[in-house]
Every structure is written in structure tokens, then in C-alpha cells.
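Trainee: next one to model:
(one chain, ligands or ions: 1)
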Amino acid sequence: MFDRTEGMIRLGEVALLFELARDLEDGCIVEVGSYRGRSAAALACGALAGSRQPVFAVEPHEEFRGVHGGKFGPEDRAAFYRAMLETGCYRNVRLVNVSSEVVTPGWSRPVGLLFLDGDHTWEGVRRDFRCWEPHLVAGARLALDDTDDPDLGPRRLADELVSSGAWARLREVGKITVLARS
Ligand SMILES: C[S@@+](CC[C@H](N)C(=O)[O-])C[C@H]1O[C@@H](n2cnc3c(N)ncnc32)[C@H](O)[C@@H]1O
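Mentor: The predicted structure follows:
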């Protein structure tokens, strides 16, 4: 049976997202894949402690099967709302309840921190990155979850971006790799 905490980031990763959001110098924060709100809350708390940037949580909350077999769906939206209310993070988390390709063509806000934790297939993570790439500021940070598995899309994306020379590897904490745009 799928343990619901398996879909969420762990303590060290929470601290990492908090720091990245707190120390952000330019642009807003976009998270792709919010599930029940744990990582969104970490980003929001960090932002409230420093950068004061809003967190846009891009998450359709539709039926979805993860690469590790986890089942996600509309009930997670209720848990997300509860988490936002219980933590007070509704103050700077803005739920965007559709996929990136729906929202990015009309997007106008520069993005300083992009956290990708949605569809971890190569096609999925590449699609999400390409959607947001035109909106990233110079020096933007890209955090990718699940980069510990060489067979999954996030690791391949991180490796390809670093090989291209356009991005540099900054930090690795748990399953998350952070890149900085050169
Ligand atoms: C591993 S969970 C995210 C966990 C969350 N970041 C946390 O740590 O609390 C993956 C989520 O990605 C979502 N997802 C799937 N396809 C997506 C897409 N195209 N855009 C955004 N989110 C997507 C799923 O609905 C699921 O809630």
C-alpha cells in the first residue's frame, strides 16, 4: 500500500526549500506538484521569513499515478486546503489548480525559484521545465526532486542542464538537487 508520506519531501529537504525561498533575491516562487501542501508550506514559511515573495503552487489535483505507484487525486486538494489553513500559509501560497502548459503561455511574472516535483517521467519533467524556462530570471534557482534515481526524468534533466553549461550544480540535499542558472 502507498504510504502517503512517501509522496512528500523529508525534513532536510523541508529545510532546504525554506532556505531557498528565504534567501531568494529576485523573482517569485513556483512549485510544480504540491500534493497535500508540505513543500508549499516550507517554501511559504521561508518566503515569509525573508524574500516575501509569493509561492505559486501549480497542481491540478487530478487522478494521477506517480512513477513509484503512488495514487494522487482530488481528495489531496482537501488536504492541501487544510494544510494551508492550519499553517497560515494561505497568506502567500496561491494555488494554480491546472498544469503548467495551461498557465505559462499567459504568465507575466518573473520566476526566481522553480521547484519541480510533479510528473517525474522524462517527458513530464522536460515539459514542465520548458514551460517555465522563458519566465526564469538570470541567476534563477531550479530545485528538482527525485534526482537520486538515475532512471527518472529529474536526474536526466539535471545532468543535461549542467552538461549544456547553462546551469551549475549548487547543492544536493536528500533527493533534491539545486541548480543555478549561469
Ligand atoms: C510527489 S507529489 C508532490 C509532493 C509535494 N511536493 C510535497 O513534497 O509535499 C507529486 C504531485 O504532482 C502532481 N502532478 C502530476 N502531474 C502534474 C502536472 N502536470 N503539474 C503539476 N502537478 C502534477 C500530482 O498530482 C501529485 O500531487
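
Trainee: show me the strands in the protein, by range?
Mentor: 28-32, 55-58, 64-65, 71-72, 93-96, 111-116, 136-144, 167-173, 176-181 (DSSP state E).

Trainee: sheet-wise, list the partners of the longest one with their directions.
Mentor: Right, the one you point to is strand 136-144. Strand 136-144 pairs in its sheet with strand 111-116 (parallel), strand 176-181 (antiparallel), by DSSP bridges.

Trainee: burial measure for the nearest residue to residue 136 once chain neighbours are set aside, as a count.
Mentor: Spatially, and ignoring its direct neighbours in sequence, residue 136 is nearest to residue 111 (5.3 Å; CB to CB, 6 or more residues apart in numbering). Quick note: C-beta positions are derived from backbone N, CA and C, even for glycine. By the measure other CB atoms under 10 Å, the count of residues near residue 111 is 23.

Trainee: what's the spacing between residue 111 and residue 27?
Mentor: 5 Å (CB to CB, to the nearest Å).

Trainee: between the two, what contacts are shared?
Mentor: Jointly contacting residue 111 and residue 27 under the rule CB atoms under 8 Å, 6 or more residues apart in numbering are 136, 137, 140.
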